[in-house]
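K.L.:
I'll drop the sequence and a predicted model, then ask my questions.
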Amino acid sequence: MLNKIRDYCRDLLESKKVEGILAVYTENGNYFPYFFTKKEELNNLCIDKKYLLLNSVKPLRENLVFLLQSKMPGKRIGILARGCDERALFELSKRGQVNLDNIETIGYSCNEEQAKICTCPTPYPTVNLKFGEKVEGVSEHKRWKEFSQLDIEGKRKFWEKEFSKCIKCFGCRNACPICFCKECLMEDRKFVKGGELPVEIPSFHFVQRYHHAAQCISCGECEIACPMDIPLRLISFVLLNRVKKLYDYTPGMNPKQECPIYTIKEERNEEALDELL
Amino acid sequence: MSYYNVLTVCPYCGSGCTFYLQVLQGEIIGILPNKNHEISQGNLCIKGWFANEFVTHKDRLKKPLIKKDGNFVEASWDEALQLVAKKLKVYKPEEVGTLSSAKVSNEENYLMQKFTRTVLKTNNVDHCARLCHASTVVGLGKSFGSGAMTNSIPEMENTKCMFVIGSNTTEQHPMVAKFMMKAKEKGAKLILADPRKVVWSKFADIHLQQRPGTDVALLNGMMNVILEEGLEDKKFIEERTEDFESLKEVVKKYNPEYVEKITGIDKQLIVEAARMYAKSEASAIFYSMGITQHTTGVDNVVSCANLAMLTGNVGKVGTGVNALRGQVNVQGACDCGALPNVFSGYQVVTDEANRKKFEQAWHVDSLPDKVGLTVTELIGEAAKGNIKALYIMGENPMVSDPDLKHVKEGLSNLEFLVVQDIFLTETAQLADVVLPAASFAEKDGTYTTTDRRVQLARKAVDPPGEAKADWEIISELAKRMGSNEFNYSSPSDIMDEISRYTPIYGGISYERLKEKGLHWPCHSKDHPGTPILHKEKFSRGKGKFWAIEFKEPAELPDSEYPFILTTGRVIFHYHTGTMTRKVEILNSEVPTGFVEINPKDAKKMALFDNSTVVVSTRRGSIQIPVKITERVKEGVAFIPFHFAECAANELTNPVLDPVAKIPEFKVCACKIERAS
């Protein structure tokens, strides 16, 4: 697959269909996101190592693709996208952060191993899959069994313990591709007091999860960035599931479907709501 | 259009995380954690995540400054260096000194000591390791033969018992704490000895909340229990150590009752902690400033080594005496000879053979044979008028050193002060000449982590304005002062020289570091590095037990100064704040200093949270907001030292450990009054 992708990218660059291609670069055993503009560099392009390309650049609080597009208005950019990159693109475009018209998405699928590492339910681009085959995703969090068996008091204690480990690095937010708010609720002193560890429990973590209830694209970057292995996505999985039931909406799947919290159309599944209540 | 990432080393603590600087069109826009690194694993602490912000801060120094009539005036490099060269030449070797820096690279530290020894012809070179782990270098040297962390960080995931004494690891070495937390999740025990209820205490199986400064008594007490109950590792003691009998004799009287009286810790907890540590199959000690920053700093360190040897917890995976070092390159600055008594690789200056070796290497007729002055002594001698000129690189003694009034007296009394830094620090403001330096992001270089891992940092962008890398500035100055020995084309060149004359770095080269770091000792080009020290034998042959008696701290509370003042740090800031206080999110978390006091003490003085108090000691007094918290015991006050406007070091006691010359930052007597 790698050679085919390199050939395809070479054609794109040679034919000047794109200004450059955002993908992962590798050298000396290390790897990082890179904007490929010369075809000679494509020998360093790699697909087996993952860095989410649509990273949200801190402290600017802008997405990398937003920054690239602002620097090159009207120019076409290629993105060698995994499923998560594509989902991030779709959600960001719904929020005016990227312009899909000028993006050439070169989609490729992840393998099962990668899907497991990220606990990814959809390890392939749903719209722009060009390379590779769709493989089965993972839709259950690795700690779901343990967590779901707890009663309400057990769950409270579970979070109390997990959140106590937090060192307030903001990694879960910093690594999130769809975080771009200039004023972040996690820094809002109404929700979270400043300067102390352990952090405000549970608001510091919950405020972000709820804010992303209908936009989390299940890329897994928040948990990868967490030095203390806090199972943050246990919350997101529950919320995403509810949003799916109520509004038949899964973030990042369909660029045309509006995000339910950004629309005034009443399309809620009342039966599902009754069940939840 | 260009967008790329440059792999470099985080400029803050000694954990050794690496990260990528994201560069868009030649400008650093952000940071990405390195997913392919043993320590980082895609993680960073809050300081690391925002470490690019100070690099591009508007207050960066961009041109050399010369003080004229009390005001700084911008100058050309030519003018500034000419002036420095001319001035430094005036003084006798014993009248000048330099402070090197734990924030700059190995190469730059090596050059600073080479400059001091060959151009200024004195051994008066030191750096802030004096203020943090001088007692480790001496203490572990005495016990084991090597004054560095014995084991490596990632292996700690598999330790079975962690004894953390005097280290607020979650806040000061967050990525070390990560591995400790992983061990905890896997069932390892955690024993915490800390006067404060730091974040760790919630996860500790046993929390020993000792009175500050009583660590020797506590450690002797644990050894007493271990020996009483026959839990010592007899085979290890017999085969690997010496002088066990003298230790045995001294710890006899430190029974749990006696130790309870000294430390204030329930005797049963001491017994339980001793058993827990001795019975586990792999126990690791972690310590930091809580052990080292005392007049008994060396005693404390040696006692930790005693405990580890007594139970055979040295030289194996997940064990050891793990000194956690606080600055990105404080290990490397020591390794590269920025100390008054050793050349690079701890080759002592008083040994004639060592001097001969470096005389030949550096093409000089003779090198000074007398041990130089330490940081603390240099400033004291400046106050007395014996030291007349200082050249300070990347250090800020006007916030970091004890008894700031005295520090200011010393620095102001100098005839000539040169400060080389990235910002106009509190210290730089006192200088006659200020030289603008490049930050970590603007130069190549190697840095050595707390676990002795030498890592390569790479240049991402050019320095701002006319700022230059420290290695370039030192080389240029040396040339202007007549030396022909500073002709380097790159930091890689300098590393080649270091590895040629420094056996523990013998196999280190930029080529090898491209992929990943190497733990010293690494003697040759094919040596794989040494993550664990003292495996088959100790660096000094046999491990040596030292019998240590408990001594009280130099200044104890009395009726006039009834509180024990202890100082430290917070996770959101770093050292003197030169870098972190330029970062918006960190200032939002903790905008200024505070003094922690217990609710009972607050009630006695009718204080509200955040009200302003005056904290005074025999050295000085500061106004500071109060934070009422159970974290400290009654009678104890805690102040983080990062904040110049309410500087803890106005208050601290400059009394020193007799051997390591480290000040007693952790204990002095203070009083607290409501601000009028």
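P.N.:
Received it, and whenever you're ready, just let me know what you need.
K.L.:
Mind pulling the model confidence for the closest residue to chain A within the stretch 451-600 of chain B?
P.N.:
Residue of the stretch 451-600 of chain B nearest chain A, by Cβ to the nearest Cβ: B:V590 (4.2 Å). Yep, even glycine has a C-beta here, placed from its N, CA and C like the rest. pLDDT for B:V590: 97.
K.L.:
ok, now the one 5 residues further on?
P.N.:
The predicted local confidence for B:V595 comes out at a pLDDT of 98.
K.L.:
residue contacts, it?
P.N.:
B:V613, B:V615, B:I624, B:P625, B:V626, B:K627, B:A637, B:F638, B:I639, B:I672 (Cβ atoms under 8 Å, 6 or more residues apart in numbering or on different chains).
K.L.:
Which ones among the residues you listed map onto strands?
P.N.:
B:V613, B:V615, B:I624, B:P625, B:V626, B:K627, B:A637, B:F638, B:I639, B:I672 (DSSP state E).
K.L.:
of all those, which comes closest to chain A?
P.N.:
B:K627 (9.1 Å).
K.L.:
Does that closest one touch B:F608 like I think?
P.N.:
No - applying Cβ atoms under 8 Å as the test, B:K627 and B:F608 come out as separate, 10.9 Å apart.
K.L.:
residues in the stretch 51-200 of chain B within reach of chain A, list them.
P.N.:
Within the stretch 51-200 of chain B, the positions adjacent to chain A are B:N52, B:E53, B:T170, B:E171, B:P174, B:M175, B:A177, B:K178, B:M181, B:K182, B:E185, B:V199 by Cβ under 8 Å from any Cβ of the partner chain.
K.L.:
Select from the residues you listed every entry located in strands.
P.N.:
Per DSSP E, these never map to strands.
K.L.:
Please list only the buried members of the residues you listed.
P.N.:
Neighbour-count burial (16 or more other Cβ atoms under 10 Å in any protein chain shown) applied to those gives B:N52, B:E53, B:T170, B:E171, B:P174, B:M175, B:A177, B:K178, B:M181, B:K182, B:V199.
K.L.:
List the residues that contact B:Y277.
P.N.:
Contacts of B:Y277 (Cβ under 8 Å, 6+ apart): B:C161, B:F163, B:I191, B:M222, B:I226, B:S283, B:L307, B:T311.
K.L.:
Quickly note the distance from it to B:G221.
P.N.:
12 Å (Cβ to Cβ, to the nearest Å).
K.L.:
And for B:M398?
P.N.:
40 Å.
K.L.:
Which one of those two is surrounded by more residues?
P.N.:
A side-by-side neighbour count of B:M398 and B:G221, using other Cβ atoms under 10 Å in any protein chain shown, places B:G221 first with 29 against 22.
K.L.:
now the closest residue to chain A within the stretch 201-350 of chain B, what's its secondary structure?
P.N.:
Chain A sits closest to B:K202 of the stretch 201-350 of chain B, with a gap of 5.6 Å, by Cβ to the nearest Cβ. In three-state terms, and counting by DSSP: H, G, I helix; E, B strand; the rest coil, B:K202 is helix.
K.L.:
tell me the contacts of the closest residue to it other than its chain neighbours?
P.N.:
Distances taken as Cβ to Cβ, 6 or more residues apart in numbering or on different chains place A:S164 nearest to B:K202, at 5.6 Å, with adjacent residues excluded. Taking Cβ under 8 Å, 6+ apart, we find A:S164 in contact with A:P198, A:I201, B:K202, B:F203.
K.L.:
Next one: A:S164, what pLDDT does it get?
P.N.:
If you check A:S164, the pLDDT there is 95.
K.L.:
A:L276 now?
P.N.:
Confidence for A:L276, expressed as pLDDT, is 69.
K.L.:
Out of the contacts of B:V595, which are close to chain A?
P.N.:
Within the contacts of B:V595, nothing lies near chain A by Cβ under 8 Å from any Cβ.
K.L.:
B:V164 belongs to a strand?
P.N.:
Yes - the assignment for B:V164 by three-state DSSP puts it in a strand.
K.L.:
Touching, it and B:A284? I think so.
P.N.:
No - using Cβ under 8 Å as the test, B:V164 is too far from B:A284 to be in contact (9.1 Å).
K.L.:
can you tell me if the helix ranked longest in chain A touches chain B.
P.N.:
Looking across chain A with DSSP state H, the single longest helix is helix A:233-247. No - using Cβ under 8 Å from any Cβ, helix A:233-247 never reaches chain B; the gap is at least 15.2 Å.
K.L.:
tell me the contacts of B:F545?
P.N.:
Applying Cβ under 8 Å, 6+ apart to B:F545 gives the contacts B:S143, B:T241, B:E242, B:D243, B:F244, B:S246, B:L247, B:N306, B:M309, B:L310.
K.L.:
coming back round to it: packing partners of the longest helix of chain A?
P.N.:
helix A:144-148, helix A:203-211, helix A:270-276 (3 or more Cβ pairs under 8 Å, 6 or more residues apart in numbering or on different chains; DSSP states H and E).
K.L.:
Most tightly packed of those?
P.N.:
helix A:203-211 (a mean of 19; mean count of other Cβ atoms under 10 Å in any protein chain shown).
K.L.:
tell me the centre residue of chain A?
P.N.:
When Cα atoms, centre = their mean is applied to chain A, the residue found nearest the centroid is A:C219 (4.0 Å).
K.L.:
helix or strand for it, which one?
P.N.:
A:C219 belongs to no helix or strand when elements are defined using DSSP states H and E.
K.L.:
Assess the claim that it and A:L53 are in contact.
P.N.:
No - taking contacts as Cβ under 8 Å, A:C219 lies outside contact range of A:L53: 10.7 Å.
K.L.:
Contacts for the longest helix of chain A, please.
P.N.:
Counting by Cβ under 8 Å, 6+ apart, A:119, A:140-141, A:143-144, A:147, A:205-206, A:209-210, A:212-214, A:216, A:218, A:220, A:222-223, A:249-251, A:260, A:267-269, A:272-273, A:275-276 sit against helix A:233-247.
K.L.:
Number of residues surrounding the residue of the stretch 451-600 of chain B closest to chain A?
P.N.:
So B:V590, with other Cβ under 10 Å, has 21 neighbours.
K.L.:
Settle this for me: it is touching A:K193, isn't it.
P.N.:
No - contact between B:V590 and A:K193 fails when scored by Cβ under 8 Å: they sit 11.3 Å apart.
K.L.:
tell me, how many neighbours does residue 240 end up with?
P.N.:
Just so you know, I chose chain A. 23.
K.L.:
wrong chain, I was asking about chain B
P.N.:
Neighbours of B:R240 under the rule other Cβ under 10 Å: 19.
K.L.:
Show me the beta-bridge partners of the nearest residue to it once chain neighbours are set aside.
P.N.:
The spatial neighbour of B:R240 that comes closest, neighbours along the chain excluded (Cβ to Cβ, 6+ apart), is B:G543 at 5.6 Å. With DSSP bridges applied, B:G543 shows beta-bridge pairing to B:T241.
K.L.:
Now for B:G543: which residues touch it?
P.N.:
B:S143, B:F144, B:R240, B:T241, B:E242, B:A305, B:M309, B:V314, B:H534.
K.L.:
Which among these count as buried?
P.N.:
Buried among the contacts of B:G543 (16+ other Cβ under 10 Å): B:S143, B:F144, B:R240, B:T241, B:A305, B:M309, B:V314, B:H534.
K.L.:
As JSON lines, these with pLDDT and distance to B:C334 would be great.
P.N.:
Shown next, in JSON lines, are the buried ones among the contacts of B:G543 (pLDDT from 0 to 100; distance: Cβ to Cβ, whole Å):
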{"residue": "B:S143", "pLDDT": "98", "distance to B:C334": "17"}
{"residue": "B:F144", "pLDDT": "98", "distance to B:C334": "15"}
{"residue": "B:R240", "pLDDT": "98", "distance to B:C334": "25"}
{"residue": "B:T241", "pLDDT": "98", "distance to B:C334": "25"}
{"residue": "B:A305", "pLDDT": "98", "distance to B:C334": "18"}
{"residue": "B:M309", "pLDDT": "98", "distance to B:C334": "23"}
{"residue": "B:V314", "pLDDT": "97", "distance to B:C334": "21"}
{"residue": "B:H534", "pLDDT": "97", "distance to B:C334": "18"}
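K.L.:
Thank you kindly, that will do.
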